[in-house]
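Asker: what follows is a predicted protein model with its sequence.
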Amino acid sequence: MSDRIVVERAPAKINLDLRILSREPDGYHRLETVFQALELHDLIDARPAEALSLEIEGDVDVGPDRDNLVLRAARAFDEAMPGAGRARLRLVKHIPAGAGLGGASSDAAATLRALNALADQPLDAQVLVEIGARLGSDVPFFLCGSPLASAEGRGELLSPLPPLPSAAVLVVDPGFPVATRDAFRWWDERHATGAPEGAAQSSAYRSLPRDGFESIGRIARNDFEGVVFERHPMLERIRDGLAGAGATLALLSGSGSCVYGVFSDDALADEAARAVQQFQPDARVIATRTAS
Ligand code: C5P
């Protein structure tokens, strides 16, 4: 075995806007969203080995191995390139799980990139995206190569956008997860009687390149907030706390459980971190930046 090692960063994401348009006959939901990658990241490293194995470091609970998207990604890669999924993988986990930050999806994307690099890039980007889309709706974003992109369909039809200058972000982890599947079910229960209100396409992202987070902050919404805040009112208080502390944009990320605030001023972000930590001592406030 060679002693080659490939290391890939797996960034977290936030959703700057998220609109659920409809429930499709297959149970999935058509949505429109804007993904922004963060500097907060996990790391994946891969070395050639006789068999596939995964070692996980860090204090984040990622659930049972059989559900781990890293192993599923490696097996999917091996199916496409027989033998090339045999690797010793190490995941260094910093992104909270079940948090709406895309951690597991990003780990899966980084695994595909790492294995492809280890095998000297046999698969092109389009094939990797196809494999990724089968693993999870958010995986293609982490393979698209842009830190900012709008998405349609299940979230897998991407349009990369010109990156915005890096801004300070506070991510507040309440310390419990929300399962995406549950959040969609709650949304279905509320919208069982017809089309969702105001489900028209947002077009929010079209104004993004002009004046960035400020403009999206004026119109952004996340359609999960209603049903998730109903069950976890503290998340709404955290969002309002971030907005009150001067965030340009404060929203639930994805289906939660994390809430984030984007700040145009770094000093304001520092002050807001202290304030949120004081009124929510059990939450974990993660200070990071948007990737650009
Ligand atoms: O695609 P992914 O496996 O990440 O999705 C997790 C769950 O969220 C799915 O099993 C599905 O129930 C729900 N989902 C959905 N519509 C989407 C994306 C996910 O209903 N566009």
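Answerer: Right, received. Where do you want to start? Numbers count the residues shown, from 1 in each chain.

Asker: I'd assumed N116 was in contact with L123.
Answerer: Yes - under the criterion of Cβ atoms under 8 Å, L123 makes contact with N116 at 5.4 Å. All C-beta spots, glycine's among them, are computed from the backbone N, C-alpha and C.

Asker: neighbour count: these two, which is higher?
Answerer: N116 (24 against 18; other Cβ atoms under 10 Å).

Asker: surely the more buried one is in a strand?
Answerer: No - counting by DSSP: H, G, I helix; E, B strand; the rest coil, N116 is located in no strand; its state is helix.

Asker: verify the stated contact: it with A74.
Answerer: No - the pair N116 / A74 is not scored as a contact, 11.2 Å apart, by Cβ under 8 Å.

Asker: picking that back up, between L123 and N116, what contacts are shared?
Answerer: Common contacts of L123 and N116 (Cβ atoms under 8 Å, 6 or more residues apart in numbering): F77.

Asker: show me the contacts for the spatially closest residue to S53 that is not a sequence neighbour.
Answerer: Closest residue to S53 apart from its sequence neighbours, by Cβ to Cβ, 6 or more residues apart in numbering: R88 at 5.3 Å. Residues near R88 by Cβ under 8 Å, 6+ apart: 46-49, 53, 55.

Asker: among the residues you listed, which two are most distant?
Answerer: The largest separation in the contacts of R88, counting by Cβ to Cβ, is between P48 and E55 at 15.2 Å.

Asker: can you tell me the helix or strand for the residue nearest to S53?
Answerer: Using DSSP states H and E, R88 sits in strand 87-92.

Asker: just checking: what are the partner strands of that strand?
Answerer: strand 29-48 (antiparallel), strand 53-57 (parallel) (DSSP bridges).

Asker: buried ones in the very next helix or strand once past the shortest one, by neighbour count?
Answerer: Scanning forward in sequence from strand 53-57 by DSSP H and E, the next helix or strand is helix 69-80. Residues of helix 69-80 classed as buried under the neighbour-count rule (16 or more other Cβ atoms under 10 Å) are 69-74, 76-78, 80.

Asker: then stretch 102-122?
Answerer: Counting neighbours by 16+ other Cβ under 10 Å, the buried set in stretch 102-122 is 102-116, 118-119.

Asker: need the helices for the stretch 151-292 of the chain, in chain order.
Answerer: Along the stretch 151-292 of the chain, the stretches classed as helices by DSSP state H, counting those that start in this stretch are 180-190, 208-219, 225-231, 233-244, 266-279.

Asker: residue ranges with poor pLDDT in the protein?
Answerer: Along the chain, segments meeting pLDDT under 70 span 1, 63-67, 193-211.

Asker: which positions in it make contact with the ligand?
Answerer: 28-29, 31, 136-138, 154-155, 180-181, 184 (Cβ under 6 Å from any ligand atom).

Asker: swap in 5 Å and give it another go.
Answerer: Within the chain, the residues that sit near the ligand (Cβ under 5 Å from any ligand atom) are 28-29, 136-137, 154, 180-181, 184.

Asker: columns neighbour count on top of those residues, output as CSV?
Answerer: Converted to CSV, the residues of the chain next to the ligand look like this (neighbours: other Cβ atoms under 10 Å):
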residue, neighbour count
Y28, 14
H29, 18
G136, 22
S137, 21
R154, 17
T180, 17
R181, 10
F184, 19
